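Student: fold the following and give me the result.
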Amino acid sequence: MKNHKVKRLTLLGAGPGDPELFTLKGVRALEEADVVLYDALVNVELLKYAKNAKEKIFVGKRFGCHALSQKEINELIQEKGTQYKDVVRLKGGDPFVFGRAQEEIIAATEAGMEVRVIPGISSALAVPASQMISLTSRGVSDSFWVVTGTTCSGEVSSDIHLAAQSKSTIVILMAMNKLEQIMELFSEYGKGDTPVAIIQNGTTDTAKIVRGRVRDIYYRSLYAEIGNPAVIVVGEVVELNENIVRQLKSERFLTAENLFLEDNTINIDRERTGGLSR
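Tutor: A predicted model of the protein is given here:
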């Protein structure tokens, strides 16, 4: 039951894609919603919980294709805050992991709205785990970085340069359009042989993974037709459970097709790739 007295914005994390990884608190928030503003990476199955909502509005943003700009989304939050008591902003993953939540909090508070945050499971954690890639492991990796591939200006993030020098596991989000450039940076810091995995549509029925090394993963991803949305994992942990993964090829998410025949040599110009054989 609704018991808040002022108009409210709820920043709600939808999780990594699998609707079963959504939270119970999130279900209750959608059941209470008067209007839902949802992102491109949100599994639309979750909208069934918003059975009392008067409006369900797509405001998704992806590289090169924006339904609304962030400024327009902020203005829409304020507009709907004048019309309804309970506005839910449903965002892929977790609202505070590259979700621009702070800008929406400012917009809501300027409009006199109360704000609450309901976390979601970030794809940075869940997607590697869904493919049995542990971000930390005793004696292999003591920590991990989560970095964005590009800045708001479209350039490669300066943090990538720092991450490429680390011994930690590196998880890179929103980076497929800069993959070649990013892998070249890792190579410049002597990481050409470091294992890499790229998981597209992680935790969903259409999940697809390609594995390789820093020196060849860009060409492997092209051959495998891997694209957005995808999570890139760079580090020795990528190889820890490979033998187990091979035994699970017939399991959900880990089909032979998705594993992409990674043992086969791909016939690509070796002078460009540095060699694809492992």
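Student: residues contacting the nearest residue to Phe98 once chain neighbours are set aside?
Tutor: Ranked by C-beta to C-beta, 6 or more residues apart in numbering and with sequence neighbours excluded, the top spatial neighbour of Phe98 is Thr148, at 5.5 Å. For every residue, glycine as well, the C-beta is placed using N, CA and C. Counting by C-beta atoms under 8 Å, 6 or more residues apart in numbering, Thr148 touches Phe98, Ser157, Asp159, Ile172, Leu173, Met174, Ala175.
Student: do that again at 10 Å, thanks
Tutor: Taking C-beta atoms under 10 Å, 6 or more residues apart in numbering, we find Thr148 in contact with Val97, Phe98, Val156, Ser157, Asp159, Ile160, Ile172, Leu173, Met174, Ala175.
Student: show the pLDDT at it.
Tutor: Looking at Thr148, its pLDDT is 93.
Student: what does it show for phi and psi?
Tutor: Thr148 has phi and psi values of phi -90, psi 150 when expressed as degrees, to the nearest 10.
Student: taking the contacts of Thr148 together, which two end up most distant?
Tutor: By the measure C-beta to C-beta, Val97 and Val156 form the most distant pair in the contacts of Thr148, at 18.9 Å.
Student: which of the two has more neighbours?
Tutor: More neighbours surround Val97 than the other of Val97 and Val156, with 20 against 17 (other C-beta atoms under 10 Å).
Student: wait, doesn't the more buried one sit right on Gly120?
Tutor: Yes. Val97 is within contact range of Gly120, at 8.7 Å (criterion: C-beta atoms under 10 Å).
Student: residues shared between the contacts of these two?
Tutor: Shared contacts of Val97 and Gly120 (C-beta under 10 Å, 6+ apart): Gly13, Lys91.
Student: how much space separates Val238 from Ile232?
Tutor: 10 Å (C-beta to C-beta, to the nearest Å).
Student: overlap in contacts, these two.
Tutor: Common neighbours of Val238 and Ile232, using C-beta under 10 Å, 6+ apart, are Pro128, Val196, Ala197.
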